[in-house]
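# Provided below are the primary sequence and the corresponding predicted coordinates.
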Amino acid sequence: MNLLDQLISSLAPYECLGCGLEPDLLCAICTTRLAVIPGRCYRCRKVSAGALTCSACRKTSKLRRVQVGTIYEGAAKDLIWQLKLAGAQAAARTMATRLAPLVVSAPTDVLLIPVPTATSRVRQRGYDQAKLLARELARQTKLLYGDYLARHGQAHQHATSRQERLTQLIHAFRVKRPSLTRGAHIMLVDDVITTGATLEAAATTLRAAGAHRVEAIVFAQP
């Protein structure tokens, strides 16, 4: 929680988005009530042990698997809205708490890398929500954090279909520290996944730069 959030919470404590009672964005009880997504392929939604990308989808995806914390609805959707549009950076802590149990068995050398937000959005918000989430997840799990991806261009994607987004995202990312990602086991971190095109583009860039394995963890998926 940054200084601004600390000041806000002391002067006007947050109300829980779930029950409206506890002085937190989402209290511990309501966090446990968030919908659980069974292990499945992120793209075709077929049941898959460990959320591994199915064999069919892996033919065109560099993502080994995508773990998802909950469904993009209700309190979870409101929490993301608070983080992205209401300046409530404390939401990243709550989201990371939800994700932390999913990586308890991850190898200690896994490298958490945030998927950089379009710079136009960062300027509007004053921060990158994916970086906040990745840093908090690293703090809670003691895994390594690295801000090693950069995003070309200033705008976010306007297209609706997966193929249109893939086309727009070609060459959208670059690796800032190739020597630190080469041969690495990387876990991309983001707040929400829709078509998967952004994560796939980031994974393709990292694999092309020599990463050994790329997977992802996101807070919510519709």
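All right, it came through fine. Given the structure is predicted, the values throughout are model-derived calculations rather than measurements.
# Quick check: beta-bridge partners of residue 220?
For residue 220, the beta-bridge partners are residue 70, residue 192 (DSSP bridges).
# Just the pLDDT at it, thanks.
Here the pLDDT value assigned to residue 220 is 98.
# What is the burial count for it?
A count of nearby residues for residue 220, using other C-beta atoms under 10 Å, gives 24. In short, each C-beta sits where N, CA and C put it, glycine included.
# Quick one: residues contacting it.
By C-beta atoms under 8 Å, 6 or more residues apart in numbering, residue 220 lies in contact with 68-72, 76-77, 80, 191-193.
# Mind doing that once more with 10 Å?
By C-beta atoms under 10 Å, 6 or more residues apart in numbering, the residues touching residue 220 are 34-35, 37, 68-73, 76-77, 79-80, 95, 98, 190-194.
# Only the buried members of those: can you turn that into a PyMOL selection?
In PyMOL, this line selects whichever of the contacts of residue 220 come out buried by 16 or more other C-beta atoms under 10 Å:
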select buried, resi 34+37+68+69+70+72+76+77+79+80+95+98+190+191+192+193+194
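# Among the contacts of residue 220, which ones are in strands?
68-71, 190-192 (DSSP state E).
# didn't residue 33 look like it was pressed against residue 75?
Yes: counting by C-beta atoms under 10 Å, residue 33 touches residue 75, with 7.8 Å between them.
# which residues are in contact with both of those two?
With C-beta under 10 Å, 6+ apart as the test, residue 33 and residue 75 both reach 18-19, 26-27.
# Report the two of those separated the most.
For those, the farthest-apart pair by C-beta to C-beta is 19 and 26; their separation is 9.2 Å.
# who has more neighbours, the two?
The neighbour count for residue 19 versus residue 26, taken as other C-beta under 10 Å, is higher for residue 26 (27 against 13).
# my guess is the more buried one is in a strand, correct?
No: under DSSP: H, G, I helix; E, B strand; the rest coil, residue 26 sits outside any strand and is assigned coil.
# What's the separation between it and residue 121?
23 Å (C-beta to C-beta, to the nearest Å).
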